[in-house]
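In: Sequence unavailable; structure follows:
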């Protein structure tokens, strides 16, 4: 299956699974993530709130987020590569075979930034003093 061009996010499901402090915090993370992917996204929250657009991410509020996500998947799956991100089995099961399904936990593991490996032992940085390292860094940055 090709890389998705549209991600549909179950807002509160993902918010709680990821331990985010607020819908706004989740929104900002998702907006950055879909932008970096070159995709677009729609995060749907249960309840009432203001609909917003943050770059390639739309924020929608619906009386029933699950139903809204199912509807959006059905509307877009013929014209775009769609991925549904939700731990709700019913949402993932009814979104159609053409749609990629990700649990919130799986998505959050993809969302986490890769950690940089520590330099190997015996690296030149281990042999230089802090002033020399700072000067080399300054030169590397062209300052």
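Out: Received the coordinates, thanks. Computed from a predicted model, the values in this text were never measured in an experiment.

In: so where do the helices sit in the protein?
Out: In the chain, the segments counted as helices under DSSP state H are 11-18, 23-37, 65-76, 89-94, 104-111, 130-140.

In: So which of these is nearest residue 55?
Out: helix 23-37 (5.2 Å; Cβ to Cβ). C-beta here means a position set from N, CA and C on the backbone, and glycine is covered the same way.

In: Report the buried residues of that closest one.
Out: 23, 26-27, 30-31, 33-34 (16 or more other Cβ atoms under 10 Å).

In: Give me the contacts around that helix.
Out: 3, 7, 9, 11-12, 14-15, 18, 20, 40-41, 43, 45, 49, 52, 54-57, 59, 111 (Cβ atoms under 8 Å, 6 or more residues apart in numbering).

In: out of those residues, which are buried?
Out: Judged by 16+ other Cβ under 10 Å, buried ones among those: 7, 9, 11-12, 14-15, 18, 20, 40-41, 43, 45, 54, 56-57, 59.

In: Out of the residues you listed, which is nearest to residue 100?
Out: Of the buried ones among the contacts of helix 23-37, the one sitting nearest to residue 100 (Cβ to Cβ) turns out to be residue 7, at 9.1 Å.

In: so how far is residue 74 from the closest residue to the closest one other than its chain neighbours?
Out: Closest residue in space to residue 7, ignoring its immediate chain neighbours: residue 41 at 4.1 Å, by Cβ to Cβ, 6 or more residues apart in numbering. Here the criterion is Cβ to Cβ, to the nearest Å. By it, residue 41 lies 17 Å from residue 74.

In: ok, now residue 104?
Out: Residue 104 is 21 Å from residue 74, by Cβ to Cβ.

In: Hmm, residue 46 and residue 63 touching each other?
Out: Yes. Residue 63 is within contact range of residue 46, at 7.4 Å (criterion: Cβ atoms under 8 Å).

In: who's more crowded, those two?
Out: residue 46 (16 against 9; other Cβ atoms under 10 Å).

In: what are the bridge partners for that one, then?
Out: Beta-bridge pairing of residue 46 under DSSP bridges involves residue 62.

In: While we're on it, how confident is the model there?
Out: Per-residue confidence (pLDDT) for residue 46: 94.
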